[in-house]
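# With the sequence up front, the predicted model follows.
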Amino acid sequence: MVGTPVYYTQVAPKNPALALIASFFVPGLGSIINGDVAKGIGIFIGYVLSFVLVIVLVGIVGVFGFWVWGMVDAYQGARRWNAAHGILS
């Protein structure tokens, strides 16, 4: 209908830098902060399992891989979320 008001919900922006820093210290935490809880838990579990395997020198690549993946995903996830909600970041 013409003249019908359109309502938008206001959302808080996500901070890509905060998500990246959180995942630097705790792999997957940045994804959890962004609302991707399952992905964040998966990254953390993968990191822990790889870290355990480091004891036998098998998981060193996995530890580094999950650590970097967590940081990159957290940063990109915050930027995607902001873009989807019309927020420039």
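Ah, there it is.
# Spatially nearest residue to L20 (excluding sequence neighbours)?
Y75 (4.4 Å; Cβ to Cβ, 6 or more residues apart in numbering). Placement of C-beta: from N, CA and C, glycine included.
# wait, V37
Excluding the flanking residues, the one nearest V37 by Cβ to Cβ, 6+ apart is S31, at 7.7 Å.
# State the pLDDT value of that neighbour.
S31 carries a pLDDT score of 95 in this model.
# cool, and W81?
92.
# helix or strand for it, which one?
helix 60-84 (DSSP states H and E).
# buried stuff in that helix?
By 16 or more other Cβ atoms under 10 Å, the buried positions in helix 60-84 come out as 62-63, 66-67, 69-71, 73-82.
# Quick one: distance of that helix to the chain centre.
5 Å (Cα atoms, centre = their mean, to the nearest Å).
# which residues touch it?
With contact meaning Cβ atoms under 8 Å, 6 or more residues apart in numbering, helix 60-84 is reached by 13-20, 22-24, 27-31, 33-36, 39-40, 43-44, 46-47, 49-51, 53-54, 88-89.
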